[in-house]
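Provided below are the primary sequence and the corresponding predicted coordinates.
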Amino acid sequence: MQDPNEDTEWNDILRKKGILPPKEVPKEDEEEELAFQQQSVVKTYESMTLDELDENEDEFNEEDEAAVEMYRQKRLAEWKAAQIKNVFGEVAEISGQDYVNEVTKAGDGIWVVLHLYKQGIPLCTLINQHLSKLARKFPQAKFLKSISTTCIANYPDRNLPTIFVYFEGEMKAQFIGPLVFGGMNLKVEELEWRLAESGAVKTDLEENPRKQVEDKLMTSIRSSIPTWKDIDSEEEDY
């Protein structure tokens, strides 16, 4: 008896005429084909936008719902990230009345850097200039400034400049007074490093710029101190 699944020209003719049933597909081939179809469907999900996922929602069966929901959440997270990115980019001036909305209610995932200052204090002016540069470099963080006494009544001038760092309305770091900043020699990279340590920004600096300055200072001091050999040589001259 001839095998209907045998690959012969005669069997192919009989299949075309409907005399023989279609050739059976081996189980392994069926599994491979199913896996390929599922992979193709997943790739289709990955390529869809949020609107496309919603538009095609009725075409997905119950088995697809979990995959569709996963990609919907992924697209939603990407959309939220895009909304947050590049929202700020400058140092905004606020008063005490703005504090709750701008700081406490800044929003989920938002870092806030608030500088309390007063006009006429050179270090405050320098820090405002540095913060303007950092605000452009790190637009995902909210940079704010406020005249100290308009934000906090009777805030002492000796505490200026002051920087408060918040995340989702909770204070994470504070820098108070001129000594903390190192005076008028403060570099923008040093301030960037301080803010990065607090978590407010993601710096590309590899090490603390202040450490480099301190190392150079110590090297200079050591080179200016006379050694015992120098002292002995001076005594022999006498």
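The structure has been received and is ready for your questions. Quantities reported herein were computed from a predicted structural model and do not represent experimental measurements. Residues are numbered from 1 along each chain as shown.

Domains in this structure, by residue range?
Domain assignment for the chain, taken from automatic domain parsing, gives 35-49+66-84, 91-213.

Could I get the full set of helices for the protein?
Using DSSP state H, the helices of the chain run over residues 9-16, 27-47, 50-55, 62-84, 99, 122-137, 148-151, 178-181, 188-198, 209-224, 228-237.

Name the residues of the first one that come out as buried.
By neighbour count with 16 or more other C-beta atoms under 10 Å, helix 9-16 contains the buried residues Asn11. C-beta: built from backbone N, CA, C; applies to glycine.

Please shift the residue numbers so they start at 32 in all later answers.
Got it, the first residue is 32 from now on, which makes the last one we talked about helix 40-47.

Now that helix - C-alpha only, CSV.
Provided in CSV are the C-alpha atoms of helix 40-47 (Å, rounded to 0.1, in the frame of the first residue of the first chain):
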residue,chain,number,x,y,z
GLU,A,40,5.0,13.3,-7.9
TRP,A,41,2.0,11.0,-8.1
ASN,A,42,0.9,11.8,-4.5
ASP,A,43,1.3,15.5,-5.2
ILE,A,44,-1.1,15.2,-8.1
LEU,A,45,-3.6,13.2,-6.0
ARG,A,46,-3.4,15.9,-3.2
LYS,A,47,-4.2,18.6,-5.7
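
Give the rounded mean pLDDT of it.
The average pLDDT within helix 40-47 is 73.

where in this protein is pLDDT low?
Along the chain, the model assigns pLDDT under 70 to residues 32-38, 51, 54-96, 98-99, 110-117, 242-269.

now do 80
32-118, 241-269 (pLDDT under 80).

picking up where we left off before, can you say which of the domains of the chain is nearest to Lys48?
Nearest to Lys48 among the domains of the chain is domain 66-80+97-115; the distance by C-beta to C-beta comes to 29.8 Å.

What number of residues are in the vicinity of Pro209?
A count of nearby residues for Pro209, using other C-beta atoms under 10 Å, gives 17.

pretty sure it contacts Leu154?
Yes: using C-beta atoms under 8 Å, Pro209 is in contact with Leu154, at 5.4 Å.

shared neighbours, these two?
Common neighbours of Pro209 and Leu154 (criterion: C-beta atoms under 8 Å, 6 or more residues apart in numbering): 191-192.

which residues touch stretch 227-243?
With C-beta under 8 Å, 6+ apart, stretch 227-243 has contacts from 142-144, 165, 168-169, 172, 196, 198, 203-204, 213, 218, 220-221, 223-224, 226.

For Glu40, see how far away the nearest residue to Pro53 once chain neighbours are set aside is.
Counting by C-beta to C-beta, 6 or more residues apart in numbering, Pro53 lies nearest to Arg46, which is 6.3 Å off, once chain neighbours are set aside. For Arg46, the distance to Glu40 equals 11 Å [C-beta to C-beta, to the nearest Å].
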